[in-house]
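S.K.: sharing a sequence plus its predicted fold:
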Amino acid sequence: MTELAWALLQPSTLLVALVALALVATWLRWTAIAATLLTAFLAAVAAVVLLPVGEWLGAPLETRVAAAPLPPTADGIVVLGGAVEWRVTRERGRLSLNEAGERIAAAAALAQRYPDARVLVTGTFGDAFAADFRALPGDASLFFGPHFAGREVAYLGAARSTYEDALLALETAAPRAGETWLLVTSAGHMPRAHGTFRALGWTLLPVPVDFRTTGAPRLAPDWDVAATLAELDAWVREWGALAVYRRAGRLAD
C-alpha cells in the first residue's frame, strides 16, 4: 500500500495526471479547464528543466549527516541494500549494480582497509554475490582479493525497508559496548538510515557515498526531462519517507 501511495504522489505521476485530466476536460468540451490544466503542466515541466529543483531538494539531505573520519580500526561494516539489480543478477549469473552501486564499491574498499571487520550487507541474498567477496576471482568476479579470504560476510536479504535493515543488522551483529561499526549508504539516504539506527540504540560512524548533487545549485537548463523527473521523484520520495519515519518515532533527533 505504501509503494502504491508513493507511486501516485510522485511528481512524474502527478504530471501525467494533469495531462489525463486535460484530455478528459477537452473531451467534455470544458475548454477553460483543459487550458488551465495544460498550462499548469507546461509550467511544471519548464520549472523542472530550467531550475535546479533536484539540487535544491537533494543537497540538504546529502549534507545533513557529515562523513565521520575513518577510525584506525573497525569491528564491522554495515552496507545498506538498494544497489543490486537482483533480477538481472539472477538471470545473467553475475553481479549487476544500479546507480547506487558505489555502496558496494565502498564496502569492498572498506573491507580491504579493515581486514578484521565483519561485513553485513542488507537487502540482498548471498547468491547475488556468489562470485564476489572471495579471495580468488572467478569469471564473473568484480570484488575479490586476499583480504576476503575466510571473511565473514552476512547477507540480510529479508530486509525490505530501512527500518528492517536496522533491525536485522542489529540482531545479526549483536554489537558489544565499545565496538566501532561503519554505516555505508547513499548520502541522500544517510539522514534516515543513520537516524533509524540511532533510534534503536546503535550509533554507527556514517560513511555517505553515491552523492547525486554538487551542493552548489546553479541555473542551467537540463533538457533531459525524463532523467530530471526521475531524480525529482527520488528526492521527493526520500523527503516523504523521512517525514513518515519521524512521525512514526523511528528517527532519533
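M.R.: Cool, the structure landed.
S.K.: V119 belongs to a strand, doesn't it?
M.R.: Yes. V119 forms part of a strand when assessed by DSSP: H, G, I helix; E, B strand; the rest coil.
S.K.: list the beta-bridge partners for it.
M.R.: Following DSSP bridges, V119 is listed with bridge partners I77, V153.
S.K.: dump the residue contacts of it.
M.R.: Contacts of V119 were listed using Cβ atoms under 8 Å, 6 or more residues apart in numbering, and they are G76, I77, V79, A107, A111, F133, R151, E152, V153, A154. For glycine as for every other residue, the C-beta is placed from the backbone atoms N, C-alpha and C.
S.K.: run a quick neighbour tally on the fifth one.
M.R.: In this case it means A111. 22 (other Cβ atoms under 10 Å).
S.K.: and it, what does it touch?
M.R.: Contacts here follow Cβ under 8 Å, 6+ apart; on that basis A111 touches I77, A117, V119, F133, H147, F148, R151.
S.K.: correct me if wrong: the fifth one contacts Q112.
M.R.: Going back to what we said before, that points to H147. Yes. Using Cβ atoms under 8 Å, H147 is in contact with Q112, at 4.7 Å.
S.K.: quick one, which of the two is more surrounded?
M.R.: Per other Cβ under 10 Å, whichever of H147 and Q112 has more neighbours is H147, with 16 against 13.
S.K.: mind checking how far the more buried one is from V153?
M.R.: As for H147, its distance to V153 is 12 Å (criterion: Cβ to Cβ, to the nearest Å).
S.K.: what's the answer for R176, then?
M.R.: Counting by Cβ to Cβ - R176 and V153 are separated by 20 Å.
S.K.: one more: P175?
M.R.: 17 Å.
S.K.: equivalent analysis for G195, please.
M.R.: Counting by Cβ to Cβ, the gap between G195 and V153 amounts to 26 Å.
S.K.: what of W181?
M.R.: The spacing between W181 and V153, counted by Cβ to Cβ, is 15 Å.
S.K.: tell me the phi and psi of E55?
M.R.: Dihedral pair for E55: phi -60, psi -40, per degrees, to the nearest 10.
S.K.: how many neighbours does it have?
M.R.: Here the count is done by other Cβ under 10 Å, and E55 has 20 residues near it.
S.K.: and the most far-flung residue of the chain relative to its centre, what pLDDT?
M.R.: Of all residues in the chain, the one whose C-alpha sits farthest from the chain's mean C-alpha position, using Cα atoms, centre = their mean, is R29 at 44.3 Å. According to the predicted model, the pLDDT of R29 comes to 84.
S.K.: likewise W6?
M.R.: Looking at W6, its pLDDT stands at 68.
S.K.: same question, E3
M.R.: pLDDT, E3: 63.
S.K.: swap in E231?
M.R.: So, for E231, pLDDT stands at 89.
S.K.: again with F129
M.R.: pLDDT, the model's per-residue confidence, is 89 for F129.
S.K.: pull the number of nearby residues for it.
M.R.: F129 is flanked by 20 other residues according to other Cβ under 10 Å.
S.K.: what's it in contact with, if anything?
M.R.: Residues in contact with F129 (Cβ under 8 Å, 6+ apart) are L95, V121, V153, Y155.
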